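*Asks:* Provided below are the primary sequence and the corresponding predicted coordinates.
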Amino acid sequence: MAQKADHIRWHEGNVDRPRREALLAQQGVVLWFTGLSGSGKSTIAFAVEHALTERGRLAYVLDGDNIRHGLNNNLGFSATDRTENIRRIGEVSRLFADAGLITLSSFVSPYRSDRDKVRTLLDEGDFVEIFVNTPLALCEQRDPKGLYKKARSGEIPNFTGISDPYEPPTTPELEIHTAELTVEAAASLVLDLLEQRGKIATA
């Protein structure tokens, strides 16, 4: 997106990222959970957040629905609005990672190009794409918010997986098959990945 404001410059502070990370005893990172509605993205993300907090680590979930109650409440679900939604969250996630937080961003984010753009915002290794791979039939069966039923009846247009496409990741850092795993087991995979990458100490 083109910069509209003139006469602005980046103002460096006196506290750098390594110092913030040292205070928290962890490394900032963005865990980007992507998948269909009802796949279990947010459920897993909140489980990981809870587990990290129990270990004394600082984590925060950015959830798609929650964000649309405030920061992105002026956006709909057209392709253009979806792209802007992810752009904004990408920038927020980047700031959180710079603050040293373990950021769990849970968004359908159906377009591969939008997710790739977020990756380019972050340093190498700071963007971890997690594909919550759940069959559409299972997502429809779960339908925790009744959205698929409304989408099938035509009440909700531009619904990913029904009337709009979903482009799955080609090379995610982690792929979770929720049809085969419990929430606890899925969360453990994420925690193991964080340990392997040195973002948190081994429990």
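*Replies:* Done, it's in. Quick caveat, the model's predicted, so the values are computed rather than measured.

*Asks:* hey, where'd the helices end up in this structure?
*Replies:* Listed in chain order, the helices of the chain (DSSP state H) span 17-24, 41-54, 64-67, 79-98, 112-121, 136-142, 147-152, 183-196.

*Asks:* Need the phi and psi values for residue 68.
*Replies:* With angles defined as degrees, to the nearest 10, residue 68 sits at phi -70, psi -10.

*Asks:* Next one: it relative to residue 192, how far apart?
*Replies:* Distance from residue 68 to residue 192, counting by C-beta to C-beta, to the nearest Å: 31 Å. C-beta here means a position set from N, CA and C on the backbone, and glycine is covered the same way.

*Asks:* Name the nearest residue to residue 135, sequence neighbours excluded.
*Replies:* Counting by C-beta to C-beta, 6 or more residues apart in numbering, residue 135 lies nearest to residue 179, which is 6.3 Å off, once chain neighbours are set aside.

*Asks:* Quantify the burial of the residue nearest to residue 78 when sequence neighbours are not counted by counting its neighbouring residues.
*Replies:* Leaving aside its sequence neighbours, residue 78 sits nearest to residue 158 (C-beta to C-beta, 6+ apart; 6.1 Å). Residues near residue 158, counting by other C-beta atoms under 10 Å, number 14.

*Asks:* what's the answer for residue 24, then?
*Replies:* Neighbourhood size, residue 24 [other C-beta under 10 Å]: 16.

*Asks:* Which residues are in contact with it?
*Replies:* When contacts are counted by C-beta atoms under 8 Å, 6 or more residues apart in numbering, residue 24 is found next to 57-58, 100-101.

*Asks:* Give the full set of residues in contact with the closest residue in space to residue 147 that isn't next to it in sequence.
*Replies:* Of all residues not flanking residue 147 in the chain, residue 37 sits nearest, at 5.8 Å (C-beta to C-beta, 6+ apart). Residue 37 sits next to 108, 139, 145, 147-148, 159-161 when contact means C-beta under 8 Å, 6+ apart.
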